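Undergrad: What shape does this take:
(chains A and B)
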Amino acid sequence: AQTVTQSQPEMSVQEAETVTLSCTYDTSENNYYLFWYKQPPSRQMILVIRQEAYKQQNATENRFSVNFQKAAKSFSLKISDSQLGDTAMYFCAFMPHSGYALNFGKGTSLLVTP
Amino acid sequence: SQTIHQWPATLVQPVGSPLSLECTVEGTSNPNLYWYRQAAGRGLQLLFYSVGIGQISSEVPQNLSASRPQDRQFILSSKKLLLSDSGFYLCAHGSRGGIGQPQHFGDGTRLSIL
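TA: The predicted structure is shown next:
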């Protein structure tokens, strides 16, 4: 079974600053997929970014980028130029190549302050 | 474009009452469909997934059940609700055969059991 660990329950950052959210996972598989989802106060789960494990290049999506370290089984999310609208719960998720389901971490609550 | 509808948005039910939550998807055919539950302060837990009409896989034994009577309809049910069934229920869809493809979520149903 795969486990996903987010060791930071809460974080805060000032507007326009950069913040990094941590995620580690445990798996015996070689091929898999990693995701970051954002859940704002409205509770809708929104896909932020996706990474394929067999790709060495780190995924980026506008102000969001990841630092994927396969050997260390680490998948951190960097948010640059933080905006007030980035305030949300952020979930790291793992999907094995052999399966359909997402395994989620417990989330990190991010607060962006003016 | 693909959209996913979930209803109701909120629901308050007494212990022992039945439950029916509905989810429908538009703009896609043959999707994989998922039901997740999010307890307070925790990540998402996969309850059921379906890769086709009448095909249901259960991830967690409980007093809930799921059905897929039509290609783009997914229903979560219970005959008798327990206090522990309280939580936020999210329906999601993903591409059929799309290994590693992201799942897209509905707006969720907040279920409170009294």
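Undergrad: Who are the contact partners of the residue nearest to residue B:71 when sequence neighbours are not counted?
TA: Once flanking residues are discounted, residue B:71 sits nearest to residue B:53: 5.8 Å by Cβ to Cβ, 6 or more residues apart in numbering or on different chains. For glycine as for every other residue, the C-beta is placed from the backbone atoms N, C-alpha and C. The contact partners of residue B:53, by Cβ atoms under 8 Å, 6 or more residues apart in numbering or on different chains, come to B:68, B:69, B:70, B:71.
Undergrad: any idea of the pLDDT on residue B:53?
TA: The model reports residue B:53 with a pLDDT of 94.
Undergrad: What separation do you get for it and residue A:61?
TA: 34 Å (Cβ to Cβ, to the nearest Å).
Undergrad: So for the helix or strand hosting residue A:33, mean pLDDT?
TA: Here residue A:33 sits within strand A:32-39, counting by DSSP states H and E. Strand A:32-39 shows a mean pLDDT of 95.
Undergrad: counting contacts, what elements does that strand pack onto?
TA: Judged by 3 or more Cβ pairs under 8 Å, 6 or more residues apart in numbering or on different chains; DSSP states H and E, the packing partners of strand A:32-39 are strand A:46-52, strand A:64-69, strand A:74-79, strand A:88-96.
Undergrad: what lines up beside it in the sheet?
TA: strand A:46-52 (antiparallel), strand A:88-96 (antiparallel) (DSSP bridges).
Undergrad: so of the ones you listed, which one's packed in deepest?
TA: strand A:88-96 (a mean of 24; mean count of other Cβ atoms under 10 Å in any protein chain shown).
Undergrad: Would the next helix or strand after that one count as contacting chain B?
TA: Using DSSP H and E, the helix or strand that follows strand A:88-96 in sequence is strand A:103-104. Yes. Counting by Cβ under 8 Å from any Cβ of the partner chain, chain B is contacted by strand A:103-104 at A:103, A:104.
Undergrad: Show residues contacting strand A:103-104.
TA: By Cβ under 8 Å, 6+ apart, strand A:103-104 touches A:2-4, A:25, A:37, A:91-95, B:43-46.
Undergrad: State the mean pLDDT of it.
TA: pLDDT averaged over strand A:103-104 gives 92.
Undergrad: and that strand, how far from the chain's centre?
TA: 11 Å (Cα atoms, centre = their mean, to the nearest Å).
Undergrad: swap in stretch B:46-65?
TA: The answer for stretch B:46-65 is 9 Å, by Cα atoms, centre = their mean.
Undergrad: Buried residues in that stretch, which are they?
TA: B:46, B:47, B:48, B:49, B:50, B:51, B:56, B:64 (16 or more other Cβ atoms under 10 Å in any protein chain shown).
Undergrad: out of those residues, who's near chain A?
TA: Answer for the buried residues of stretch B:46-65 near chain A (Cβ under 8 Å from any Cβ): B:46, B:49, B:51.
Undergrad: interface residues of chain B facing chain A?
TA: Counting by Cβ under 8 Å from any Cβ, chain B sits next to chain A at B:32, B:34, B:41-46, B:49, B:51, B:59, B:88, B:90, B:92, B:94, B:99-100, B:102-108, B:110.
Undergrad: Much appreciated, bye for now.
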